[in-house]
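Asks: I'd like to go over a predicted model; first the sequence, then the structure.
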Amino acid sequence: MSGFDKGRRLVLGRGVAIAAATAAPALMLSTPARSAGQTFNYKLGIALAPTHPTTANLTAAAAEIGRASSGRLNIQVFPNSQLGSDTDMISQVRSGAIDFVSTAGLIWGTLVPAASISGVGFAFPSYDHVWKAMDGDLGAHIRAAFAKVNLIPQSKIWDHGFRQVTSSSRQIQSPQDLSGFKIRVPLSPALTSLFKAFGAAPAGINMAETYTALQTRVVDGQENPLTILETQRLYEVQKYCSLTSHVWDGFWLVGNLRTWNALPEDLRQIASTTFDAYAVKQRQAVDALNTRLRDELKGRGMVFNQPELDGFRAYLSKAGFYSDWKKKFPAETWALLEKYAGQLA
C-alpha cells in the first residue's frame, strides 16, 4: 500500500465521527430518481482470504449481480483486508468511502451492540438453534439495530461457524486450562469478556496481524472456526485444537444506506435476492468444508481433543457471566436470545 493510501485511510478514520454526524440527517431523505440506464460501481471489503467460502460466494454473487443487471451494477470484492482492517472498513462504509463490508457480528458489536448477542459464550448448542434464531426474530431484531446507525444489512447472515480454541502449547480440556492462557481474540468485547471470565489473558488483534502474533509468541493461542485455520494457514503456527464450540458467529453483509438508496429499486432487488441466495449456498459450503477439515488439519499435524462442554457453561453461570451480560443488553434482545438458546441467566 502506498504512503498516499495509508494517509488517506488515516484521514478517513479521523473524519468518520464528523462525517457520520453531519450526514445522518441527509441519509433519511429520499434519494433523487436516477436514470434507468445509469451504471453503478461499488466496492465490497472483507478481511478473509479469496479462498474462504464467504469471500468466494460473495465474489460469485457479485458476478451474477453484474450479469443479471446487464452491467448496470458492478460490485468489486476486495479480500484479504486490501481496504483496511475490519475496524477500518467499518469506518469507511459509514462514511461512504466504500459501499459494502462483510464482517462478523462480534466485530459489528462495537457499533451495533445487538449484533454481538450471538457471541454470548456457549449459548447455541447446535446449528439448528442458530438458523432458527438468525433467520427468525433474533435476526430481524439485529437488522433493525443496524438501521439506527444508517447502515443497511442484507437479510441473510453468512455462516462463520462455531469457534474453536487452538494453542501452540496445550490442550484445553476444562475451564481451568484457560487460566493464564494468552489468547488472540478479535476486537470484540463479548469474546474478551468470555475469556477473562475463565481467567485467560485475551488480546484484541486484527486478523491481518494474527499469524505473526502467533508465530512470534505474542500470544500462545487463538480461537476461530476451522475454516479460518485452513484459509489463514494458522495450522502452521498452532499445534493443538480443542473443539470447544464456545461461540457461533456469522458475517453480516452491510451497506452504506445512502449508496444503497442511490440504486434504482430493480437493482436493489437484484442485489438482495442474489446475495441472500448465495448466503444459503455459503452455509452449505461451510457445512461441507467442516466435515472434511478436521481430517485434513490432522494430516497437517494438528492434534484435536473434545472437551466436555457442560462444565464450561456451568462455570460461566457460577461466575456470574450470564447475569452480567444480561444487564448489558436491552431486555428485548436478551429475551430473544433465550427464546432460541434456552435460559442462560
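Replies: The structure has been received and is ready for your questions.
Asks: Just the buried positions in the longest helix anywhere in the chain, please.
Replies: Across the chain, the longest stretch assigned as helix under DSSP state H is helix 265-299. For helix 265-299, a neighbour-count test (16 or more other CB atoms under 10 Å) marks 267-268, 270-276, 278-279, 281-283, 285-286, 289-290, 293-294, 297 as buried. Where you see a C-beta, it was placed from the backbone N, CA and C, and this is true even at glycine.
Asks: Tell me the helices and strands packed up against it.
Replies: The criterion is 3 or more CB pairs under 8 Å, 6 or more residues apart in numbering; DSSP states H and E, and the helices and strands that helix 265-299 contacts are helix 53-68, strand 73-78, strand 158-162, helix 226-231, strand 303-305.
Asks: Quickly run through the sheet partners of the second one, with directions.
Replies: Here strand 73-78 is paired, per DSSP bridges, with strand 40-46 (parallel).
Asks: Pull the strand it pairs with out as PDB, backbone CA atoms only.
Replies: Output of strand 40-46 as PDB, limited to C-alpha atoms (Å, rounded to 0.1, in the frame of the first residue of the first chain):
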ATOM      1  CA  PHE A  40     -23.100   1.900 -10.500                       C
ATOM      2  CA  ASN A  41     -19.700   0.800  -9.500                       C
ATOM      3  CA  TYR A  42     -19.500  -0.300  -5.800                       C
ATOM      4  CA  LYS A  43     -16.700  -1.700  -3.600                       C
ATOM      5  CA  LEU A  44     -17.100  -4.500  -1.100                       C
ATOM      6  CA  GLY A  45     -14.400  -5.100   1.500                       C
ATOM      7  CA  ILE A  46     -13.700  -8.300   3.600                       C
END
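Asks: Could you list the low-pLDDT ranges of this protein?
Replies: Per-residue confidence for the chain (pLDDT under 70) gives these ranges: 1-36.
Asks: Centre of the chain to the lengthiest strand in it, how far?
Replies: In the chain, assigned by DSSP state E, the strand with the most residues is strand 248-256. Chain-centre distance of strand 248-256: 6 Å, with CA atoms, centre = their mean, to the nearest Å.
Asks: wait, which of the helices and strands packed on helix 265-299 is closest to residue 249?
Replies: Proximity to residue 249 (CB to CB) singles out strand 158-162 among the helices and strands packed on helix 265-299, at 4.7 Å.
Asks: partners of that closest one, with directions?
Replies: Take DSSP bridges as the rule and strand 158-162 pairs in its sheet with strand 248-256 (antiparallel).
Asks: After the strand it pairs with, heading C-terminal, what element do we hit next?
Replies: With elements assigned by DSSP states H and E, the helix or strand that comes after strand 248-256 is helix 257-261.
Asks: Mind listing what's buried along that following helix?
Replies: For helix 257-261, by 16+ other CB under 10 Å, it's 257-260.
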